[in-house]
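Trainee: I would like the atomic coordinates for the input below:
(chains A and B)
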Amino acid sequence: MLLLNDLVMIEINIAKDFSIATGARYYSDGKFSGEEFFDTTLLPKYEEAIGNGVKLKIILDGTDGLASSFLNEAFRKLGDKFGSESAWSNLIFVSNEVPGYINKIKEALGESKK
Amino acid sequence: MKAKNDYISLSIAVLVGSLAGYTASQFRFFKIDTTINVSETIVAVITIIIGLYIASSLQKRYNQNQNLYNYLITRFDTLWNDFNTLNDQVEASDKIELNRVTKMVRDIQRRNNEFKKLLDQLNSVENNLTDLTEKYLTLFEKSLIKENITYYDGNKAQITEQGKKITAEFVSIYKCINDCV
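Mentor: Next comes the predicted model:
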């Protein structure tokens, strides 16, 4: 049976909520890095989703492409903070343009310390 | 020598012309048989219908293949040209906005997914464009990055080599489209 919580999700559209032209890994690499995405967008939204007991939907389409280092840094940090399995189970991805991004995120979570 | 050749040619032309004229004047050879053989007529009509059906089927199949070919080749050409433009700049310089590379790689991977699905239907070989472009992008990301500009001078030899591999893969896919469709 579907519950209301299963239907209502918190959402991040990277292109709209962060930037179309995302950067690389660290703040020192330039604007819109993976670190910046984690601190300003991913972490607050993830905590909001967890707080509300819903999943976090992340739309990866619509950007000018995502660097591996960007995805790796943002989601590895999420895995470090919340545990890779827990983080993975609370995320839903939309990546019609390049489905391979989802594999990269999965790998990044796998690299996390928890 | 030339005059002798002209003489031979002229003699042959006269002989052939005379023979054709004589044959044509024997109009009794053109007698038409006015009786109709029913069984032969039916066989002839059936043969014509089968012939038309085969011709129509072949034409239809040719048109379908031609449409698929045009669709694939147009999209493929655009992709290849875009990559060449980027790769030419990469070879000429030692720095580029990282965003340009990620965008190019995204475009290649997105369209290559379509190609793969279509070419798989045609029993073609697998292509490695996605993996190759992924490694290409990684080489830029491993270089020094400041203000989202990647300074890849230290990795230039590897990047150039990877660019050649991608070009070779494009050639392979191009051949595949031509052979399969």
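Trainee: where is the longest helix in chain B?
Mentor: Longest helix of chain B, by residue count under DSSP state H: helix B:38-92.
Trainee: now it: how far from the chain's centre is it?
Mentor: Centroid displacement of helix B:38-92 relative to its chain, using CA atoms, centre = their mean, to the nearest Å, is 10 Å.
Trainee: so is that helix next to chain A?
Mentor: No - judged by CB under 8 Å from any CB of the partner chain, helix B:38-92 stays clear of chain A, getting no closer than 12.1 Å. For the C-beta atoms, the positions are set from N, CA and C on the backbone; glycine is no exception.
Trainee: against A:Gly79, how distant is B:Ser39?
Mentor: Applying CB to CB, to the nearest Å, the value for B:Ser39 to A:Gly79 is 84 Å.
Trainee: between the two, who's got more neighbours?
Mentor: More neighbours surround A:Gly79 than the other of B:Ser39 and A:Gly79, with 21 against 7 (other CB atoms under 10 Å in any protein chain shown).
Trainee: hang on, that one in a helix?
Mentor: Yes - according to DSSP: H, G, I helix; E, B strand; the rest coil, A:Gly79 belongs to a helix.
Trainee: now A:Ser93, what are its backbone angles?
Mentor: That one is not Ser; residue A:93 is Phe. Here the main-chain torsion angles of A:Phe93 (degrees, to the nearest 10) amount to phi -120, psi 150.
Trainee: ok, it - contacts?
Mentor: By CB atoms under 8 Å, 6 or more residues apart in numbering or on different chains, A:Phe93 lies in contact with A:Lys57, A:Ile58, A:Ile59, A:Leu60, A:Tyr101, A:Ile102, A:Ile105.
Trainee: nearest to A:Tyr46 among those?
Mentor: A:Tyr46 has its nearest neighbour among these in A:Ile58, at 9.5 Å by CB to CB.
Trainee: list the contacts for that closest one?
Mentor: Here A:Ile58 is in contact with A:Glu11, A:Ile12, A:Ile14, A:Leu42, A:Leu91, A:Ile92, A:Phe93, A:Val94 (CB under 8 Å, 6+ apart).
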